[in-house]
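1. The sequence and its predicted three-dimensional model are supplied below.
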Protein chains: 2
Amino acid sequence: MLPPAAGAKPLRADAARNRLKVLDAARAAFAQDGRDAQMDDIARRAGVGVGTVYRHFPTKESLAQAMVQQRFAQILAFIREELLVDPDPWNALRRSFEFCGSMQERDRGYAELVSSIAGSAALVGGGPIGPAAEQVEEMLALTEQLIARAHAAGVVRPDLAASDMPPFYAALASIVQAGVVDWHRYVEIVLDGLRARPAGRPG
Amino acid sequence: MLPPAAGAKPLRADAARNRLKVLDAARAAFAQDGRDAQMDDIARRAGVGVGTVYRHFPTKESLAQAMVQQRFAQILAFIREELLVDPDPWNALRRSFEFCGSMQERDRGYAELVSSIAGSAALVGGGPIGPAAEQVEEMLALTEQLIARAHAAGVVRPDLAASDMPPFYAALASIVQAGVVDWHRYVEIVLDGLRARPAGRPG
DNA sequence: ACCTGAACACCGTTCAAGT
DNA sequence: ACCTGAACACCGTTCAAGT
């Protein structure tokens, strides 16, 4: 979850412990109740007073943002360590969707947060709930590489830009969160739209 | 907004007037503030007491639902009267996306409501905010026809089912609501995914 | 320094009094 | 029948008192 910003003074031992307990409690609460999770409930789960929750996270939104950033960091790590080394660039693209989808499937809270602030905040970064600006930057950089590799292999439509991608991930969040069980079908059709076309259009 | 359910006794003149004022005020409030719109504000805009708002709509959610159903009714009418008579079935498909997208673009409230409850509620119908069950039924029926016409013309992938469509409309809501200005690009790529393919896959 | 939880503020909802 | 708006309930946030 973003190791406590580089220049920050280390927390007192009990404070550091509490911070982690709050994050765990919040993840559980958001995963279960989505944006309806209550601060008092999070405090209770964490075994601390509400005041302590607010000491570490000034608002409910900032807590939600911490959750999103944790998940986002996992996605970035996955792209870096798994997808960019996948020898098949097309398969890497497919896996990027499947990874996001199944993460959202496991964590209702995350999917709800992402889809409710999907674009403006999430894409621009630094919004009230979105990922951190640096995370967005890295996401764009990594996506550029994913797409560049796909272009080099000639497997995607020639006019495809990296900037085309974020809306599709956001849309996936929306669909998964909506409880559409067969979201893989959505992924398949979108992938077909991204694919290089052998010939001219029919019809 | 669904003319007041068939068997309902007619409202007293002033009540009927108030009901309309509340609906107008609510549309304006939701369009401006999305789900953050406040009931007191809606009452003030309508020039009535809060109690009156609650007399006509038992909860804030039911008011939101009335908004969604109003918009949904417009979409159904558009499909029935414009798209199903469009001589070009492919063009009809494209227009269905463009129509939804631009409606959502004009009404932030609608887009936010649709994307926040996109599927489970909206698709199943009768959810807390979704369209009415009958509307969902009609939507499915109309979509079947749109897709059937497209199949007859051979312009869409042979395995495309009408049930594949709703997630794409929901996803569009999510993207538009997120402030992605170039949502037409999304539509174009999805359409390419839906299109009939002339030959086998490359790669 | 950090923690606690009662108190406060805000907004959705109710209901006694009015016409 | 329907309207009004003060009062209530709930939950996010603050802060005085504690360790």
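-> Structure's in. What do you need?

2. got the domain boundaries for chain A?
-> Annotated domains of chain A cover A:10-58, A:64-194 [automatic domain parsing].

3. most tightly surrounded among those domains?
-> For the domains of chain A, average neighbour numbers computed from mean count of other Cβ atoms under 10 Å in any protein chain shown are highest in domain A:64-194, which has a mean of 19. (Glycine included, C-beta is placed from N, CA and C.)

4. Let me know which of the domains of chain A is the nearest to DNA strand D.
-> Nearest to DNA strand D, of all these, is domain A:10-58, at 3.4 Å by Cβ to the nearest atom of the strand.

5. Would that closest one count as contacting chain B?
-> No: Domain A:10-58 is not in contact with chain B by Cβ under 8 Å from any Cβ of the partner chain; minimum separation 9.1 Å.

6. tell me how far the ends of that domain are from each other?
-> With Cα to Cα, to the nearest Å as the measure, domain A:10-58 spans 18 Å from end to end.

7. Near DNA strand C, which residues of chain A are found?
-> Contact residues (Cβ under 7 Å from any atom of the strand) of chain A with DNA strand C: A:11-12, A:14-15, A:18, A:47-52, A:54-56.

8. mind listing what A:K60 touches?
-> A:M39 (Cβ atoms under 8 Å, 6 or more residues apart in numbering or on different chains).

9. if you set the cut-off to 10 Å instead, what comes out?
-> Contact analysis of A:K60 by Cβ atoms under 10 Å, 6 or more residues apart in numbering or on different chains lists A:A26, A:F30, A:R35, A:A37, A:Q38, A:M39, A:I42, A:V53, A:Y54, A:I129.

10. Next up, the contacts around A:G109.
-> Counting by Cβ under 10 Å, 6+ apart, A:G109 touches A:26-37, A:64, A:67-68, A:71, A:177.

11. and those, which of them are in strands?
-> Judged by DSSP state E, those include no members of strands.

12. Restricted to helices, list those residues.
-> Judged by DSSP state H, the subset of the contacts of A:G109 located in helices is A:26-33, A:64, A:67-68, A:71, A:177.

13. will you turn those residues into a markdown table that also has pLDDT?
-> Putting these into a markdown table (pLDDT from 0 to 100) gives the following:
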| residue | pLDDT |
| --- | --- |
| A:A26 | 95 |
| A:R27 | 93 |
| A:A28 | 93 |
| A:A29 | 94 |
| A:F30 | 91 |
| A:A31 | 87 |
| A:Q32 | 88 |
| A:D33 | 88 |
| A:A64 | 92 |
| A:M67 | 89 |
| A:V68 | 87 |
| A:R71 | 89 |
| A:Q177 | 83 |
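
14. Excluding chain neighbours, what is closest to the residue nearest the centre of chain A?
-> Nearest residue to the geometric centre of chain A (Cα atoms, centre = their mean): A:F72, 3.9 Å. Of all residues not flanking A:F72 in the chain, A:P131 sits nearest, at 4.2 Å (Cβ to Cβ, 6 or more residues apart in numbering or on different chains).

15. show me where chain A has helices.
-> A:13-33, A:39-46, A:50-56, A:60-78, A:89-106, A:108-116, A:120-124, A:133-153, A:165-177, A:183-194.

16. Nearest to B:Q145, out of these?
-> B:Q145 lies closest to helix A:183-194 among the helices of chain A, at 20.1 Å (Cβ to Cβ).

17. Just want the residue of chain A that's nearest DNA strand C.
-> Counting by Cβ to the nearest atom of the strand, chain A gets nearest DNA strand C through A:G51, at 2.0 Å.

18. correct me, but that residue touches A:A43?
-> Yes: the criterion here is Cβ atoms under 10 Å, and A:G51 meets it with A:A43 at 8.3 Å.

19. now the ones in helices among the contacts of A:G109 as CSV including distance to B:S102?
-> Supplementary listing: these in CSV, determined by distance: Cβ to Cβ, whole Å:
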residue, distance to B:S102
A:A26, 38
A:R27, 38
A:A28, 40
A:A29, 38
A:F30, 33
A:A31, 35
A:Q32, 37
A:D33, 34
A:A64, 31
A:M67, 33
A:V68, 30
A:R71, 32
A:Q177, 24
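
20. Where in chain A is the helix or strand with the lowest mean pLDDT?
-> The helix or strand of chain A with the poorest confidence is helix A:120-124; it has a mean of 42 (mean pLDDT, DSSP states H and E).

21. Name the surrounding residues that touch stretch A:45-54.
-> So stretch A:45-54 is contacted by A:14-15, A:17-29, A:32, A:37-44, A:55-56, A:60, A:62-63 (Cβ under 10 Å, 6+ apart).

22. which ones are touching A:V187?
-> Residues near A:V187 by Cβ under 10 Å, 6+ apart: A:L93, A:R94, A:S96, A:F97, A:E98, A:C100, A:G101, A:F168, A:L172, A:I175.

23. Quickly note the distance from it to chain B.
-> Plainly put, A:V187 is 10 Å away from chain B if you go by Cβ to the nearest Cβ, to the nearest Å.

24. tell me the pLDDT at that residue?
-> Per-residue confidence at A:V187 stands at 97 (pLDDT).

25. for the one 10 residues further on, same thing?
-> The confidence metric pLDDT takes the value 85 at A:R197.

26. Output the below-cut-off pLDDT ranges for chain A.
-> A:1-8, A:116-129, A:199-203 (pLDDT under 70).

27. about what we covered before: so the residue nearest to the centre of chain A makes contact with A:G130?
-> Yes: under the criterion of Cβ under 10 Å, A:F72 makes contact with A:G130 at 8.6 Å.

28. Nearest residue to A:A153 in space, please, no chain neighbours.
-> A:P89 (4.7 Å).
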